[in-house]
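# Predicted structure and sequence below. I'll ask about it afterward.
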Amino acid sequence: MKQSHLFTKTKKEAPADEVAKNAELLIKAGFINKEMAGVYSYLPLGLRVINKIQNIIREEMNAIGGQEVTLTALQEKATWEPTNQWDDAEVDVWFKTKLKNETELGLAVTHEAAMTKMLKSFVESYRDLPVNIYQFQTKFRNETRAKSGIMRTREFIMKDLYSFSKDEAEHNEFYEKAKEAYKNVFKRAGIGHLTYLTFASGGMFSKFSHEFQTITSAGEDIIYVDESKGIAINKEVYNDEVIANLGLSKETLVENRAVEVGNIFTLATRFSDALNLKYKTETGEEKSVFMGSYGIGPGRLMGTVVEVLSDDKGIIWPESIAPFKVHILELGDDMEVKTTANALYATLQSKGIEVMYDDRTGMSAGEKFADADLIGIPYRVVISPRSLKDGGYEVKKRTEGKGKIVNIDELTEILNG
RNA sequence: CGGGGUGUGGUGUAACGGCUAACAUGCCUCUUUUGGGAAGAGGUGACUCAGGGUUCGAAUCCCUGCACCCCGACCA
């Protein structure tokens, strides 16, 4: 993409009402736009990142047998009444609305019940199980306090997968696979080294759950990390019994602030009992389907990456989720520079490399450098009278201080690697 | 939901109850520049969140509403 074509612009100053680093940088660089408290739109650059993240998640979910669907965001009252979750005393984050005929509807807070209900049309026999279904869908939660930029919003996309198994043993098998898939997601998104499988309370759904917590001061949770074992305990269930059950000891646990980037938990038969999702076993017995629920918020994951991987100049995207792989900067209005830059842009694109080309004219070099650092694309290639005189292209990684001059073959080799 | 705070050009800030609401940045025009947010010149842009009140006089004080931020509680 040519940068002159991009309708968004970088800003020198972040809006005064944003304090969170993720929102400051993402707004300054033109990835997101704030519509109101806790509600953000994704702009071209931000959407590219979200799509990359979703594709990683999609690949990992498909790899463990997930099937993708999209359920509706509008949900009827009857869906949530069997589990008593339509009640505002039970679930206090509903956005509720009505049809013209006064029928009450809710904007999806989550999809456990809807997915369970939907599956009743398809599951009848043990032969139909197990199935694992997921979606990327908008959730609406009327949070009393949105906060921390895109980390806790009132409208957000969530990947939610629901597993439907014949029994607990089959469920556990999938649950373990899901754990590994989740680890892969966070590793691939560039925050694996800071993310810990964390033992936590199950909230409304079950007694315990597993969270994936990424260490950052921007997080809302306190966790106790055992570095050598690579696991942690959430403060909410941190007690002697839990520590002992997990085979940990207080001495090796270190307190950290962290953000929950993923959460998986066992639902057992809570929803299948309530909504009557049953199947016939081989012996003709009727049994409730055994369920699990697995969530990741791509937007929050994006915010977490920014919180964790950035410096005083801007964002530092991991290659896997960067909006583009390489950023070409053309400096000055020299004709030869322009010709060379255009040719490189065409060449890289023809090789399937995602490239942003800063072809904007009348700008100082410093301004282009500053924008490139802010946007945070992994590789920067400078083309200028100087680089041409030195015989090539100056390539620099966002994480490195100094670049080096290379020729076209060396450059494509670096970018293909 | 409890507590604290803030609303001024697109953005960031300033202005004692008293001059035509100032500065920077952005944006437009021209000239000169081009390796770390260039320089000069000229221009554009705000009924100071909304409504009421106090006052000779309100961006400034008071009330109501709305919006936003932070701490806590909550968090499927």
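That came through, no problem. Numbering: from 1, shown residues only, chains lettered A, B, ... in the order given.
# tell me which parts of the stretch 251-400 of chain A are close to RNA strand B?
Within reach of RNA strand B by CB under 7 Å from any atom of the strand, the stretch 251-400 of chain A has these residues: A:313, A:331-333, A:362-367, A:369-371, A:373-374, A:382, A:384-387, A:394, A:396. Yep, even glycine has a C-beta here, placed from its N, CA and C like the rest.
# Please spell out the ChimeraX selection for the buried subset of those residues.
Filtering these down to the buried ones (16 or more other CB atoms under 10 Å) takes a single ChimeraX command:
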select /A:331,332,369,371,373,374,382,384,387,394,396
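# Next step: the residues of the stretch 251-400 of chain A next to RNA strand B restricted to helices.
Among these, the members found in helices (DSSP state H) are A:365-367, A:369-371, A:373-374, A:385-387.
# Is it possible to get CSV of these that adds pLDDT?
As requested, those are exported to CSV (pLDDT from 0 to 100):
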residue, pLDDT
A:365, 95
A:366, 95
A:367, 95
A:369, 96
A:370, 96
A:371, 97
A:373, 97
A:374, 97
A:385, 94
A:386, 93
A:387, 94
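# Which members of these define the maximum pairwise distance?
Farthest apart among these by CB to CB are A:374 and A:385. That separation is 24.7 Å.
# Find me the pLDDT at the nearest residue to residue A:21 once chain neighbours are set aside, would you?
Spatially, and ignoring its direct neighbours in sequence, residue A:21 is nearest to residue A:307 (5.6 Å; CB to CB, 6 or more residues apart in numbering). pLDDT, residue A:307: 96.
# wait, is residue A:307 part of a helix?
Yes: per DSSP: H, G, I helix; E, B strand; the rest coil, residue A:307 lies within a helix segment.
# Toward the C-terminus, what is the element adjacent to the worst-scoring helix or strand of chain A on mean pLDDT?
The weakest-scoring helix or strand in chain A, judged by mean pLDDT, DSSP states H and E, is helix A:240-245 (a mean of 91). Counting by DSSP states H and E, the next helix or strand C-terminal to helix A:240-245 is strand A:253-268.
# I'd like the average pLDDT over that following strand.
The average pLDDT within strand A:253-268 is 95.
# can I have it written out in CSV, keeping just the CAs?
This file holds the C-alpha atoms of strand A:253-268, laid out as CSV (Å, rounded to 0.1, in the frame of the first residue of the first chain):
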residue,chain,number,x,y,z
LEU,A,253,6.0,-17.9,43.4
VAL,A,254,6.5,-14.3,42.4
GLU,A,255,3.7,-11.7,42.4
ASN,A,256,3.1,-10.0,39.1
ARG,A,257,0.5,-7.7,37.5
ALA,A,258,-0.9,-9.3,34.3
VAL,A,259,-3.6,-9.1,31.7
GLU,A,260,-5.9,-12.0,30.9
VAL,A,261,-5.5,-12.7,27.2
GLY,A,262,-7.3,-16.0,27.1
ASN,A,263,-9.6,-18.1,29.3
ILE,A,264,-10.7,-21.7,29.0
PHE,A,265,-13.0,-23.5,31.3
THR,A,266,-15.1,-26.6,31.8
LEU,A,267,-18.8,-26.1,31.6
ALA,A,268,-19.6,-29.7,32.2
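# Report the strands that pair with that strand, each with its relative direction.
Strand A:253-268 pairs in its sheet with strand A:208-215 (antiparallel), strand A:221-226 (antiparallel), strand A:290-296 (antiparallel), by DSSP bridges.
# Can you show me the CA trace of the first one as PDB?
Written as PDB, here are the backbone C-alpha positions of strand A:208-215 (Å, rounded to 0.1, in the frame of the first residue of the first chain):
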ATOM      1  CA  PHE A 208     -12.100 -23.300  38.400                       C
ATOM      2  CA  SER A 209     -10.700 -22.200  35.000                       C
ATOM      3  CA  HIS A 210      -7.500 -21.700  33.300                       C
ATOM      4  CA  GLU A 211      -6.500 -18.200  32.200                       C
ATOM      5  CA  PHE A 212      -3.600 -17.200  30.000                       C
ATOM      6  CA  GLN A 213      -2.100 -14.200  31.700                       C
ATOM      7  CA  THR A 214       0.500 -11.900  30.100                       C
ATOM      8  CA  ILE A 215       2.700 -10.000  32.500                       C
END
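# tell me the contacts of residue A:94?
When contacts are counted by CB atoms under 8 Å, 6 or more residues apart in numbering, residue A:94 touches A:86, A:88, A:106-107, A:109, A:142.
# how long is stretch A:238-255 from one end to the other?
Distance across stretch A:238-255, first residue to last, is 11 Å (CA to CA, to the nearest Å).
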